[in-house]
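Kindly generate the corresponding structure for this input.
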Amino acid sequence: MLSGATAQTLVSLGIAALALTLVAMLIARWIARPLRDIARSAERIGLGEEVEPVAECGPDDLRCTAAAFNRMQTRLRRFIEDRTRMLAAIGHDLRTPITSMRLRAEFVTDEEARRKLIGTLDEMQAMTEATLAFARDDAAREETRNVELSSLMESLCADLSDLGWDVRFNNGDKIPYRCRPDALRRAARNLIENAVRYGERARVTLTTRQDAIELSIDDDGKGIPEAEVERVFQPFVRLETSRNSATGGVGLGLSIARSIVRSHGGDIILHNSGKGLRAVVTLPRART
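Residues are numbered from 1 along each chain as shown. The predicted model follows:
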């Protein structure tokens with residue numbers, strides 16, 4: 001049997017070990033909390049959300065890390081705002097010379113030359129207006145909120161079907177998702193519009209995986225050459241050769257759609273399915 005002194009020593013050692021364990025846990029929590037805050041803010045920024053600066057607390061190294069993270073976030077926001085303002089300014093300033101050239105074109109005596117010149121100016125005007133609209137939408141940051149993604153896509157397809165488009169939505173599962181719904185709806189509409197315009201109809205399917213959500217849009221068109229799959233996402237690129245904005249748009253639809261989806265942390269991939277073109281939107285699973 002243990003003597004009284006030995007038992008008292010063991011009890012003291014146990015109490016001391018428990019106290020040290022509690023202190024170590026508090027210190028670990030004190031160190032880990034700023035790291036968790038930085039990780040959560042980085043994840044939200046990657047999904048295109050506006051986040052508040054993280055608290056600059058904890059040990060010196062963590063305070064420096066948090067300060068650097070806040071500076072990076074400020075610089076990224078300033079870069080995006082400057083780019084948007086520059087894009088809007090360019091689009092706005094182009095209006096004046098286009099209007100001036102249109103007035104001068106009216107004095108061209110050759111009827112054929114005047115018609116072609118005015119047609120080119122109309123195309124430039126449409127591209128300028130599309131650029132301004134894109135800049136305005138990019139500047140007006142929509143608030144991120146929780147939505148039911150299936151209902152959002154189903155209502156979009158129903159609205160387009162009411163307009164006489166051949167659009168069918170295939171999904172009945174409830175999928176809660178945190179996003180900017182108006183922007184995501186616009187991206188999906190651009191893809192569906194392309195499917196109907198070039199492939200006669202659009203079949204929209206929403207599926208879930210363990211780590212992602214997939215929105216696929218299939219049409220019955222001829223598809224596109226493999227060499228053009230990535231190029232069509234560049235601004236103002238159109239594979240439709242008539243240059244008629246009524247049939248081919250201005251070439252910003254896919255660029256805007258990919259920009260919106262990537263700002264949510266996802267991506268868009270096009271590939272020929274054998275029966276037409278398939279656009280696959282992949283979105284990361286977000287906390288609801």
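
Wait, a strand at Ile270?
Heads up, residue 270 is Leu, not Ile. Yes. The assignment for Leu270 (DSSP: H, G, I helix; E, B strand; the rest coil) places it in a strand.

can you pull up the bridge partners for it?
Each beta-bridge partner of Leu270 is listed here, defined by DSSP bridges: Ala279.

show me where the stretch 51-200 of the chain has strands.
Taking DSSP state E, counting those that start in this stretch to define them, one finds strands in the stretch 51-200 of the chain at 145-148, 167-170, 176-179.

Out of those, which gets nearest to Leu156?
Among the strands of the stretch 51-200 of the chain, the nearest to Leu156 by Cβ to Cβ is strand 167-170 (8.2 Å). C-betas here are computed from N, CA, C, even on glycine.

just checking, what packs against that closest one?
Based on contacts counted as 3 or more Cβ pairs under 8 Å, 6 or more residues apart in numbering; DSSP states H and E, the elements that strand 167-170 packs against are helix 149-162, strand 202-208.

what are the pairing partners of the last one, and which direction each?
Looking at strand 202-208 with DSSP bridges, its partner strands are strand 167-170 (parallel), strand 212-218 (antiparallel).

Check the burial of Val147 by counting its neighbours.
In terms of burial, Val147 registers 18 neighbours under the definition other Cβ atoms under 10 Å.

Would you agree it is in contact with Arg180?
No. With contacts defined as Cβ atoms under 8 Å, Val147 does not count as touching Arg180, sitting 9.3 Å away.

Redo the strands of the stretch 51-200 of the chain as JSON lines? Include distance to Glu56 and mean pLDDT.
Conversion of these to JSON lines gives the following (distance: least, Cβ to Cβ, whole Å; pLDDT from 0 to 100):
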{"stretch": "strand 145-148", "distance to Glu56": "28", "mean pLDDT": "90"}
{"stretch": "strand 167-170", "distance to Glu56": "47", "mean pLDDT": "91"}
{"stretch": "strand 176-179", "distance to Glu56": "26", "mean pLDDT": "88"}
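
most packed of these?
Among these, strand 176-179 has the highest mean neighbour count (mean count of other Cβ atoms under 10 Å), at a mean of 20.

Point out the other helices and strands that that one packs with.
Using 3+ Cβ pairs under 8 Å, 6+ apart as the test, strand 176-179 ends up in contact with strand 145-148, helix 149-162.

can you put these in a markdown table and add distance to Asn190?
Formatted as a markdown table, the helices and strands packed on strand 176-179 follow (distance: least, Cβ to Cβ, whole Å):
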| stretch | distance to Asn190 |
| --- | --- |
| strand 145-148 | 19 |
| helix 149-162 | 11 |
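
right, so of the ones you listed, which gets closest to Thr109?
Minimum separation from Thr109 across those (Cβ to Cβ) falls at helix 149-162, 45.5 Å.

Could I get the CA-only coordinates of the closest one as PDB?
Extracted as PDB, the C-alpha positions of helix 149-162 are listed here (Å, rounded to 0.1, in the frame of the first residue of the first chain):
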ATOM      1  CA  LEU A 149     -30.800  25.900 -56.000                       C
ATOM      2  CA  SER A 150     -33.300  23.500 -57.600                       C
ATOM      3  CA  SER A 151     -36.100  26.000 -57.200                       C
ATOM      4  CA  LEU A 152     -33.900  28.800 -58.600                       C
ATOM      5  CA  MET A 153     -33.100  26.800 -61.700                       C
ATOM      6  CA  GLU A 154     -36.600  25.400 -62.100                       C
ATOM      7  CA  SER A 155     -38.100  28.900 -62.000                       C
ATOM      8  CA  LEU A 156     -35.600  30.100 -64.600                       C
ATOM      9  CA  CYS A 157     -36.400  27.300 -66.900                       C
ATOM     10  CA  ALA A 158     -40.200  27.800 -66.400                       C
ATOM     11  CA  ASP A 159     -39.800  31.500 -67.200                       C
ATOM     12  CA  LEU A 160     -37.800  30.800 -70.400                       C
ATOM     13  CA  SER A 161     -40.300  28.100 -71.400                       C
ATOM     14  CA  ASP A 162     -43.100  30.600 -71.000                       C
END
